[in-house]
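Participant: predicted model and sequence below, questions to follow.
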Amino acid sequence: MPAVGEIEGQIREQELDAERQARRRLALAQIRQYPDPVLRMQAKPVEVFDDELRRLVERMRSLMADASGVGLAATQLGILQRLFVFDTGEDDDEVAALVNPVITQRSDDVDVDDEGCLSLQGVLTPVERALRIRIEGRNERGENVSYELEDTTARTAQHELDHLDGVLIIDRTTPEARREALATLRPRVVLG
Ligand code: ZN
């Protein structure tokens, strides 16, 4: 790449970075943070597929993108409906919405990898997940959809589904990693 282009690119990137950082902070401010009790609650099945639901899905897609996430559950916005959005890893970076999702197949093969969560900032903790899953549900228009997922996307979908049942990564990690995560999450005492 020519030098001039590089400089332009860097400047643009710096400007974007500052803007993106600001957008990320704004998005995270709208996402419920541990130990918000709503994160522990069971979400209810969605019964009505209307414009309100579609607006919620659009809001979740844009918050997820702004927060640099790969998935976001409605519970994380304090909305107790069985719904999440996630990056399918398919072409065009499709961000799919899954309403009333159910895992219908799960491989016996599992994998342990570090997971983070937009509701537990600063925590990265090892979680065991099925390597491959089939997950079914509806999209925001009420149409039946199913996805065969593996590796990262399978992990994301299992993580988001957990949110709908009030389950967090600290519940699925080792006792030692859990202690470490809780120490990170403990509110700092500010004196003065
Ligand atoms: Zn999460």
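Facilitator: Nice, thanks for sending it over.
Participant: quick one: buried residues of the longest strand seen in the chain?
Facilitator: Counting by DSSP state E, the longest strand found in the chain is strand 95-106. For strand 95-106, the neighbour count (16 or more other C-beta atoms under 10 Å) marks 95-101, 103, 106 as buried. The way it works is simple: take the backbone N, C-alpha and C, and place the C-beta from them, glycine included.
Participant: can you name the residues that contact the most centrally placed residue in the chain?
Facilitator: The C-alpha lying nearest the average C-alpha coordinate of the chain belongs to residue 71 (C-alpha atoms, centre = their mean; 2.8 Å). Counting by C-beta atoms under 8 Å, 6 or more residues apart in numbering, residue 71 makes contact with 64, 84-87, 156-157, 159-160.
Participant: tell me what the nearest residue to it once chain neighbours are set aside is bridged to.
Facilitator: The shortest distance from residue 71 to any residue other than its chain neighbours is 3.9 Å, reached at residue 86 (C-beta to C-beta, 6 or more residues apart in numbering). On the basis of DSSP bridges, residue 86 is bridged to residue 71, residue 96.
Participant: roughly how far apart are residue 86 and residue 24?
Facilitator: Residue 86 sits 18 Å away from residue 24, taking C-beta to C-beta, to the nearest Å as the criterion.
Participant: the two: who's more crowded?
Facilitator: residue 86 (28 against 16; other C-beta atoms under 10 Å).
Participant: got a list of contacts for the longest strand of the chain?
Facilitator: So strand 95-106 is contacted by 45-46, 49, 53, 57, 60-61, 64-65, 81-88, 130, 132-140, 142, 145-147, 157-158, 160-161, 164 (C-beta under 8 Å, 6+ apart).
Participant: ok, then the element right after it?
Facilitator: Once strand 95-106 ends, the next helix or strand along the chain (criterion: DSSP states H and E) is strand 110-115.
Participant: and the next element down the chain from that next one?
Facilitator: In the C-terminal direction from strand 110-115 (assignment by DSSP H and E), the next one is strand 125-130.
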